[in-house]
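Peer 1: Fold the following for me, if possible:
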Amino acid sequence: MQDKRKLKGQKTRKRILDAANRMIEKEGVQAVSTRQIALLAGISQSSLYHHFKSADEIIISSMVERAKSNMSGLKVEQFTSLEEYLNALFAMVYQQVVKRGSGSYFSILEKARTNDEFREEVMALGRGMKAQLVQHLELVAKRPLSPAKLEAVVFAFSMIREGLISHLQIYRDQSSFSDLKALAGVVFRLLAQYLET
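Peer 2: Here you go, the predicted structure:
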């Protein structure tokens with residue numbers, strides 16, 4: 001009995017997060033409300049509040065789940081070099097941005113800019129993603145790496161990712177660069193060399 005209730009709760013939570021993701025992608029985070037999410041998920045608002053205390057908590061949970069899903073999609077043990085891992089990570093990010101668009105990214109930034117509590121949650125998510133990336137890089141390298149160099153490489157990767165999102169938002173499919181993935185690959189080769197020295 002307990003297992004069925006737990007399973008039902010997990011399914012409802014997933015429906016809520018899926019509904020929130022659809023809303024965020026379509027309308028941005030400013031449009032997200034618990035009433036709209038409940039309606040889209042096909043549940044009552046009181047049922048939604050059984051799982052989440054606010055729309056902001058749903059948005060953050062949605063972002064955390066998406067980040068976990070993205071990072072877990074890369075099997076670290078399959079990579080034989082840091083360059084190979086960084087290129088695969090970038091390819092995954094590129095696919096996500098092309099598939100989902102970048103409008104939700106900018107609406108999240110805007111909300112974080114104007115809402116201190118939300119900004120703290122986004123920053124905590126960023127710190128978690130940074131820690132996971134550092135862990136992945138050291139697993140691929142099969143040895144501890146210089147903390148200062150890791151910091152620089154993670155920062156560079158973040159800037160490249162954010163630049164990609166902005167670039168694709170502005171230029172869409174009319175980029176003045178011939179092959180964004182190949183150009184990023186050159187940078188990742190240099191970053192991998194930097195880490196390995």
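
Peer 1: any idea how the protein splits into domains?
Peer 2: Using automatic domain parsing, the domain parsing of the chain gives 1-54, 73-196.

Peer 1: of all those domains, which lies closest to Glu65?
Peer 2: domain 1-54 (5.8 Å; CB to CB). Yep, even glycine has a C-beta here, placed from its N, CA and C like the rest.

Peer 1: Just name the shakiest helix or strand of the protein by mean pLDDT.
Peer 2: Here the helix or strand of the chain ranked lowest by mean pLDDT, DSSP states H and E is helix 103-114, holding a mean of 80.

Peer 1: Check which residues of that one are buried.
Peer 2: If you call a residue buried by 16 or more other CB atoms under 10 Å, then helix 103-114 has these buried ones: 103-105, 107-108, 111-112.

Peer 1: go on, stretch 87-97?
Peer 2: For stretch 87-97, a neighbour-count test (16+ other CB under 10 Å) marks 87-90, 93-94, 96-97 as buried.

Peer 1: Out of those, name the ones that lie in strands.
Peer 2: With strands defined by DSSP state E, no entry of these lies inside them.

Peer 1: Go through the domains of the chain and name the closest to Met63.
Peer 2: Taking CB to CB, domain 73-196 is the member of the domains of the chain nearest to Met63, at 5.7 Å.

Peer 1: tell me how far the ends of the closest one are from each other?
Peer 2: 25 Å (CA to CA, to the nearest Å).

Peer 1: what ranges of this protein fall below the confidence cut-off?
Peer 2: Residue ranges of the chain with pLDDT under 70: 1, 99-103.

Peer 1: Grab the most central residue of it for me.
Peer 2: Geometric centre of the chain, nearest residue: Ala67, 3.8 Å, by CA atoms, centre = their mean.

Peer 1: wait, doesn't that residue sit right on Leu125?
Peer 2: Yes: counting by CB atoms under 8 Å, Ala67 touches Leu125, with 6.6 Å between them.

Peer 1: before we move on, the earlier item: please name the residues that touch the residue nearest to the centre of the chain.
Peer 2: By CB atoms under 8 Å, 6 or more residues apart in numbering, the contact set of Ala67 is 125, 128-129.

Peer 1: Output those residues as a markdown table; include the columns secondary structure.
Peer 2: Listed next are the contacts of Ala67 as a markdown table, based on DSSP: H, G, I helix; E, B strand; the rest coil:
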| residue | secondary structure |
| --- | --- |
| Leu125 | helix |
| Gly128 | helix |
| Met129 | helix |
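
Peer 1: Buried ones among those residues?
Peer 2: 125, 129.

Peer 1: what's the closest of the contacts of Ala67 to Gln78?
Peer 2: Proximity of those to Gln78 (CB to CB) peaks at Met129, which lies at 20.2 Å.

Peer 1: Brilliant, that's me finished.
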